[in-house]
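> Generate coordinates for the sequence data below:
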Amino acid sequence: MKSRDHSVVQPSAVETDDAVSIVAGASSPERDPWLSRHDSPVQQKLRRLRPWPVGSVFIERPGMSDAAIREHFRLMKRLGFTCLKQCQVCPGTDQRRVMHMALDEGIIPWWYGDAGFEDPTPELLKSLGIEPDIAPERLREHPKWIERQHGIMRERIDSPHYLKRGFGAAESEAESDAVADVPGVVPAPHFGLPPEAAGPFTAWLREQYGSVPALCRTWNMHHSMVTRTDWTTWEEVEAGVLDQLRGQVREYRRVRDVLRFKADLHLRRIRRGSAAALAADPNVPCRAGGEMSLFLPAAMWGIDMAGIAETIAETGSFYPSMHLAWHFEETDFEIMRPVYIQSSLAADWIKGGWSATWESTGGPQQLSGGKAPFLASAAAQTAGFTVDGGVMTQLMLSWIAAGFRGFGLWSWNTRTAGWEAGEYALLDRNDQPTDRAVAAGRIGAACQRYRDELWQARKQPTVGVLQSWEVDAGWAAISLAGRDHFRSMPVDARIGTARALIDANVPWEFVTPADLAAGLASRYQSLYLPACLMLDEALLEQLAGEVRRGLRVVLDAPGGWYDAFGQLLSTADDSAFEQLFGCRLADVQYSRPGNRAWRIEGQTVEGFTLDLQPTTARVVQSFDHATADHPLPVMTEHQLGEGQAVVLATQAALTCKRPGQTAAQRLLVQAAVGDLPLPYQCEGAICYRLVAPTADHYFLLNDGDPAQATLTPAAGTAASQATDVLTDELVDLSKPVTVPDCSGRWLRVPREEVMP
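Just a heads-up that it's a prediction; the model follows:
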């Protein structure tokens, strides 16, 4: 099979009006779809500053002296920390005074670190007596620059505006999960709207559909057995729309519209709040994303995480909260692979923009993890974890590998009473440094050393994994009239797809339909569509064009059931589906023990299965009970132009959500990759890779006993010069590399020639 052109426009030095800038990415965002995807003036400034905050939350203990507080800040500095994620003080303590003490000791007292510095324009540098073409690494240490920025930060500390919540007012509005535009409308796991929402919702519908007849058609009122109303005017719609919604959850488009309405209101609030905060101080970045687990069915809450990332790109950073006890219940508290999956979701939603984990666990926890009220099993589980130096290494290397550029850990030391006392911290219960604190500081210091290179680095994925809010909302709509667990299925399918690719060391990233529309399809050799129950025919037509140009597209069960409007998707001859995949979808079935069991090579599969009827596609493999008259393909492959369109007739992604599903993982990887070449090979450990102009960075992770990993790096790199970034040890990649138990290693392999 002909390999798809997988060249990636790589970062490079650029001549610009701002002479200190080495833009992370291609020669300009206009020429680089990845970099331009979330470009904005704020992101351009961040690429000039290239911040990498390494922060944690300092918690004052009762009776702590100023000298003791200062010693904590000095220890932070010695270990490699650069800022405070937050500063929590006891009653009667002047928080401003503590923040000034932190700055005295070289610790910036806000989560954003030096991202809150001024833009180093040539004009500003000249006014300070600094040469305008100074290298970024020299500027960061220039006494005049530091004096200027610290002076601004001291003014910021003393301003009441910045003590609203104790750590930067930019967060106080942008992070809110409430939707205040319409009273009573808040993200919640239920369907419906309050009475006061009738007018705003009608106005939203009018903006979406233009006319009442178009609304009625879109709400499928011309179909049999769908509740209809003879609306003719928008006044009639406003008067009756809530009654039409009440209890009417068996028509999926109207459910989707309510969820989309809530999501749009939420985005509007974030946009307004972050814009106001940025106007108050243009040098302070905002952040949004927040406490919600990325493994929860966000669409059901009227939340659009990718939309939040797109919105906050105008003003700052997208981030997820990643507490082990709060945000990994959906994976039964498994950590190593899921933490990379969650981090990738966040980073991949804001491609080209700034993402990081600004709220993550710093230490062990057993008692204080708050259960998700939507997961009944969590109430009967102890969310307990060991967090030692090795686990901290796993976490932080996963964050870097996913594309994060900074850390914010809860916390430096522990609370001393009540909730979370004795838990979550980098220091031990007696305020003494631990191996996890040392590991975190060492990794943070390494990121500081390589921050210029890492800001230019990015993934080079072979496979894109589709994440679509519309698909998630479709599953959410179906769950209202069926079974609640359906709303989690697209999340489970993403986890399963990622797990299979991680275990096979296939490089991948999440991609949204908006990314594809922005021209990023050429970034991937293969695109996997996991459990995409609802498919937009326009997307199918776009994908057909990409397949003709060489893309491999893979759909698994139960994909292709509905179209974007909740109507049965046509898969008949000459439909967009049949033209792309070269087969018809006759039926969706379900295999389980005790019923008709569908088997592949003697092994029973459980879950959704597809009855496919090939037209122009070839049958790659069939179920065991197939006959000549009824071939029952497991996998079909349709050659279309230079590429292939593949259908898996089993729920591979959903099955792989659980660990240990080796047969399903093997089938998924076979479908996703085919005979595409992979850029690097690794056996014996999980391996992630970032690509920079001057070097590749490999992150080897191991969740078992000490492992011997064999790494064959990508072509064009000088494998004989590999270096362990955390120890400066030279590593001979012609021999197996030892990866410690339940830990990881970070290897830098320089390029033989700097990539243009």
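> helix or strand right after the lengthiest helix in the chain?
With secondary structure taken from DSSP state H, the chain has its longest helix at helix 252-280. Following helix 252-280 in sequence order, the next helix or strand is strand 286-288 (DSSP states H and E).
> which SS state does residue 208 fall under?
Following DSSP: H, G, I helix; E, B strand; the rest coil, the label given to residue 208 is helix.
> wait, doesn't it sit right on residue 257?
Yes - using CB atoms under 8 Å, residue 208 is in contact with residue 257, at 7.4 Å. Yep, even glycine has a C-beta here, placed from its N, CA and C like the rest.
> more crowded one of these two?
Counted by other CB atoms under 10 Å, residue 208 and residue 257 do not tie: residue 257 has more neighbours, with 22 against 14.
> Run a quick neighbour tally on the residue lying closest to residue 702 once chain neighbours are set aside.
Taking CB to CB, 6 or more residues apart in numbering, and ignoring the residues beside it in sequence, residue 702 has residue 739 as its nearest neighbour in space, at 4.2 Å. By the criterion of other CB under 10 Å, residue 739 has 22 neighbours.
> Residue 607 versus residue 739, what's the distance?
Separation of residue 739 from residue 607 (CB to CB, to the nearest Å) stands at 34 Å.
> got it, and residue 452?
Per CB to CB, residue 452 is found 47 Å from residue 607.
> what's the answer for residue 357, then?
Residue 357 sits 33 Å away from residue 607, going by CB to CB.
> What would stretch 496-504 look like as CSV? C-alpha coordinates only.
Provided in CSV are the C-alpha atoms of stretch 496-504 (Å, rounded to 0.1, in the frame of the first residue of the first chain):
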residue,chain,number,x,y,z
GLY,A,496,-10.4,2.0,24.4
THR,A,497,-9.0,3.3,21.2
ALA,A,498,-6.2,5.2,23.0
ARG,A,499,-5.4,2.2,25.2
ALA,A,500,-4.9,-0.1,22.1
LEU,A,501,-2.7,2.4,20.3
ILE,A,502,-0.7,3.1,23.5
ASP,A,503,0.0,-0.6,24.2
ALA,A,504,1.1,-1.0,20.5
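> could you give me the average pLDDT of that stretch?
Predicted confidence along stretch 496-504 averages 98 (mean pLDDT).
> Stretch 465-482 now?
What stretch 465-482 shows for mean pLDDT is 94.
> Okay, buried residues for it please.
By neighbour count on 16 or more other CB atoms under 10 Å, the buried set for stretch 465-482 is 465-480.
> so the residue nearest to residue 702 bridges to which residues?
Here residue 739 sits in beta bridges with residue 707, as judged by DSSP bridges.
> just to revisit the earlier point, out of residue 357 and residue 607, which sits in the more crowded spot?
Comparing residue 357 with residue 607 by other CB under 10 Å, the one with more neighbours is residue 357, at 26 against 18.
> residues touching the more buried one, list them.
Residues in contact with residue 357 (CB atoms under 8 Å, 6 or more residues apart in numbering) are 319-322, 343, 346, 399, 404, 406-408.
> Check residue 562 too.
By CB under 8 Å, 6+ apart, residue 562 lies in contact with 252, 474, 533-535, 568-569.
> what about residue 126, neighbour count?
Per other CB under 10 Å, the neighbour tally for residue 126 reads 11.
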